[in-house]
Structures are given as C-alpha cells and as structure tokens.
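# one predicted model, sequence on top.
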Amino acid sequence: MTAKLSVSLPVHKDVLLHLRVPKTVKLTELDHLPHGLLERPATALHHSLDGPTLIHLEGRNPQPLFISVLQHGNEVTGWEAVRRLMKSHYEFDQLPRSLSILIGNTRAAKQGLRRLDDQLDFNRCWPNGKYPDSEPGKLFQQVTHQMRARAPIASIDIHNNTGLNPHYAAINRVRPRFLRLASYFSSKVVYFTMPEGTQSRAFSEFCPSLTLECGQAGEVHGTDHSIGFLETCMHLEEIPAAPMDANDVHLFHMVATVRIPDDVLFGFGRVPTEIAFRENLDVLNFQELPAGVSFGDVRGGPSKPLVVTDTNGVDVTDLYFRFDRDQLETKREIMPSMLTQDRRVIQQDCLCYLMERVHFEDVAEITDHDPLPEGIHRSDRPGEPAL
Ligand SMILES: [Zn+2]
C-alpha cells in the first residue's frame, strides 16, 4: 500500500567552498505519514525522518495544497500547526483536498537552530537562487519539479521571526489571486523580491505562493492562526481571480534593510553607550511612522551609526534617517518590520527592514509586470530579510 521513494543526489563540493558538506542530502518522498510522526515535536523528527521529506496525502479534491515547514529548524510553528491540524480530526476524517507537506531541516530542528554551521540556509537554495548546484539546491529543484507537475492550488511556507511583529503573509508577485490568498491570513501583506532563492518565489512561477510570518516560535496563537488558515485553504474550491479592492488588503513593499556597522557600540534603554535605542523598539514594527520619530539617542561614535541599503545594495541612509540632533530620527514616512532587540539577530542579519505602502490598485507596472527576472543577477548582500 505504501511506497517509499528515496533519491540520492551526488555530492558536489565545488560550489560550497569552505562549507563542510554532509555526504549526501537526499529527498525522501512518502505517500503516508510515518507511524508516530504526529507525536513528535520538531526536535524529535530526526528519529523518524532522514532529512528533508516530501509527504503526499490524498484528499477528496486531488489538486494538492503544498505546505512547507521547518526550512529553518527553530521556526516550529509550521510543524506544530500541521501536526495539530492532522491530529485534530484528519487522522480519521478524509482530507478535503490532497496535501503535499515538505518537512525541511530536521537536522537543525534537532538542535533548535535555524541552520547548522555546515549547512546553507535552506530558504536561499530554491531555483532562481545562487546555489543551484549545492546539495539542498538540487534537492529543492527536484521538489519544485515534482510539485509543478502536481499543479497545486497554492503554496504556503510557514516561518517565525524574532521581535514583536504581527502575523502577516508575504508575496513575490502582485497578482489578484496572491493578494486574495494572503488576505485570508492577514490584512497586511508584504511584497518582496529579495532575497533570492526562497521557496515562495520559486513556486510563485506556477501557483499562488505565500510566506507566512507567524510571530515568534512557540507562541500558541501563531499556531492557532496557522491552523485556521490551512483549514481555510484546504476547503477552498478555487482562489478567486477577481481584482482586490484597495480597502481589503494593505500592501507594503520591502524597500530597504537597516544594519548597524560592526564598530558601533549599541544597547537598549538607559545605557551608557554610543547608540542607546529606545526601550521596546519593536513596538514600532508595522507602524506607519511619520518623519521625526526617534529610534534612540546618539552619543558619539561614527557619523553614520545606521546603514540603510536598498534592494540593489545601494546606500540610501540619507533618504531615511538623520543623526544630527543626537537622535536616530526618521526623515520620511516609513514602516519598519522585524525590528528586534536580539543582539545575535542584529549582528548576523540586520536591525530591521523598511517598507513603503504600495497602492497596487493603480500601479499598473507592478500589478502587470512580473518582477522575478529582475532579481536573478543581483549581487550577494548581507542583511537580507530573514524569511
Ligand atoms: Zn524562517
């Protein structure tokens, strides 16, 4: 009754340079849930699964919904949502539609980490990214090929972030069905074209595709929200293609990344250091801020304590911030996202992203133009969105 198809891919070490590569990364495909899998938290999946696993489950409507979880091993909400959803009643009831579930980085999940030191970030290795010849790159090429042939109704990739952020869906193409699907999750939708090599962007070539940001890992309401959304998706007969009304969804474009240079000393609250960010800085996430809002105090240090780069990697700090009044002050209307007070995230990734509202209903070139090819040749940059 059940089939297990294992495909081993050859090892190519040339692309990964200094990275230590495990001998093989293979895709396992299953047509059933392994016994006891739903009992396992993310940290224990490695007992049942030998790496990335694509599980196809049959439902009443054969057109599958694709769900991706644990591309980042410490972002457990997706797996928690899937296992609670399945356990709630689908262990006994027929699924309303088929599911194809990709369980990603079980090795990193075992350690509670985004990725291991010897691994690439899985969500940078999909087609159109920079690592097509890497082990995960080849594996995800295979997943993409498989799923394109199955013509899913939609693709949902579930993530968590740090800091205080509302739950939101991100899209890579501004199309009515993408917006409609995103609006079923949240009224705030983010449009991004970088970084390259994300799962949602690869799948956006053949189906409506979302990245869900479900707040911080381990929060029960993030899991509850995801379960409700997945249940909605499973019961959709189709996703309406009628244009969205501007009042139904608020679309924001990720326009820039804010980083703190390595040589700047910084802290939060009343601390004697060069940059003292205001306490609870992350309450500013997803707030549309006017010019003149202070992120904190400047007490010496370099003349440019923040560096803002646009999606082409160009320094646009002067467009967004001024520092001449002993403050880190906004210079124009912006909306930050993913502001975090986690020093490790700030140092490894960035302080935040800046977004601007898109009036999609009257921006024909964004609505009609496919942005995918533009980004393919962009150069390598640090501080990309941690999606
Ligand atoms: Zn993630």
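Received the coordinates, thanks.
# between the two ends of stretch 243-260, how far is it?
The straight-line separation of the ends of stretch 243-260 (Cα to Cα, to the nearest Å) is 40 Å.
# for that stretch, what is the average pLDDT?
Looking at stretch 243-260 alone, the average pLDDT works out to 89.
# list the buried residues in that stretch.
In terms of neighbour count (16 or more other Cβ atoms under 10 Å), stretch 243-260 has its buried residues at 244, 249-260. C-beta here means a position set from N, CA and C on the backbone, and glycine is covered the same way.
# can you redo those residues as a markdown table with secondary structure and distance to the ion?
Conversion of the buried residues of stretch 243-260 to a markdown table gives the following (DSSP: H, G, I helix; E, B strand; the rest coil; distance: Cβ to the ion, whole Å):
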| residue | secondary structure | distance to the ion |
| --- | --- | --- |
| 244 | coil | 26 |
| 249 | coil | 23 |
| 250 | strand | 22 |
| 251 | strand | 21 |
| 252 | strand | 19 |
| 253 | strand | 20 |
| 254 | strand | 15 |
| 255 | strand | 20 |
| 256 | strand | 20 |
| 257 | strand | 16 |
| 258 | strand | 19 |
| 259 | strand | 19 |
| 260 | coil | 21 |
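# tell me how far the closest residue to residue 330 other than its chain neighbours lies from residue 232.
For residue 330, the nearest residue in space outside its immediate sequence neighbours is residue 293; the separation is 4.7 Å by Cβ to Cβ, 6 or more residues apart in numbering. Here the criterion is Cβ to Cβ, to the nearest Å. By it, residue 293 lies 36 Å from residue 232.
# more crowded one of these two?
More neighbours surround residue 293 than the other of residue 293 and residue 232, with 17 against 12 (other Cβ atoms under 10 Å).
# double-check the more buried one against residue 328; I have them as touching.
No - no contact is recorded between residue 293 and residue 328 when judged using Cβ atoms under 8 Å, the distance being 9.4 Å.
# ends of stretch 167-176, how far apart?
Start-to-end, stretch 167-176 (Cα to Cα) is 20 Å.
# what's the answer for stretch 273-285, then?
Per Cα to Cα, the first residue of stretch 273-285 is 24 Å away from its last.
# in that stretch, what's buried?
Neighbour counts using 16+ other Cβ under 10 Å place 274, 275, 276, 277, 278, 281, 282, 284, 285 of stretch 273-285 among the buried residues.
# now do stretch 50-58
Buried residues in stretch 50-58, defined by neighbour count with 16+ other Cβ under 10 Å: 51, 52, 53, 54, 55, 56, 57.
# out of the residues you listed, who's nearest the ion?
For the ion, the closest of these turns out to be residue 52, at 15.0 Å, with distances computed as Cβ to the ion.
# anything in stretch 112-128 near the ion?
No - interface with the ion: stretch 112-128 contributes nothing (Cβ under 5 Å from the ion), its closest point being 6.0 Å away.
# hmm, I typed the wrong one, I wanted stretch 196-203.
No - applying Cβ under 5 Å from the ion, one finds stretch 196-203 separated from the ion by no less than 9.5 Å.
# and for that stretch, what are the contacting residues?
Taking Cβ atoms under 8 Å, 6 or more residues apart in numbering as the criterion, the residues outside stretch 196-203 that touch it are 66, 68, 71, 123-131, 137, 140, 144, 147, 152, 155, 157, 170-172, 193, 209-211, 372, 375-376, 378, 387.
# quick revisit: just the buried residues of stretch 50-58: which are in helices?
Residues from these lying in helices, with DSSP state H as the criterion: none.
# dump the residue contacts of the residue of the stretch 101-250 of the chain found nearest the ion.
Nearest residue of the stretch 101-250 of the chain to the ion (Cβ to the ion) works out as residue 159 at 3.5 Å. With contacts defined as Cβ under 8 Å, 6+ apart, the neighbours of residue 159 are 71, 72, 75, 77, 78, 123, 211, 212, 213, 214, 387.
# okay, who's weakest in those residues by pLDDT?
The pLDDT minimum for those sits at residue 387, where the score is 66.
# and the strand or helix carrying residue 138, which residues are buried?
If you go by DSSP states H and E, residue 138 is part of helix 135-150. Within helix 135-150, the residues scored as buried using 16+ other Cβ under 10 Å are 135, 136, 137, 138, 139, 140, 141, 142, 143, 144, 146, 147.
# same deal with stretch 288-299?
Along stretch 288-299, these residues count as buried under the neighbour rule (16+ other Cβ under 10 Å): 293, 295, 296, 297, 298.
# show me what contacts the third one?
Going by Cβ under 8 Å, 6+ apart, residue 296 touches 275, 276, 277, 278, 281, 327, 328.
# closest to the ion among those residues?
Distances from the ion to the contacts of residue 296, taken as Cβ to the ion, are shortest for residue 281 (21.0 Å).
# now do the same for the residue lying closest to the closest one once chain neighbours are set aside: helix, strand or coil?
Of all residues beyond its chain neighbours, the one nearest residue 281 is residue 339 (5.4 Å), with distances taken as Cβ to Cβ, 6+ apart. Taking DSSP: H, G, I helix; E, B strand; the rest coil as the rule, one finds residue 339 in the coil state.
# what's the pLDDT at residue 339?
In this model, residue 339 carries a pLDDT of 92.
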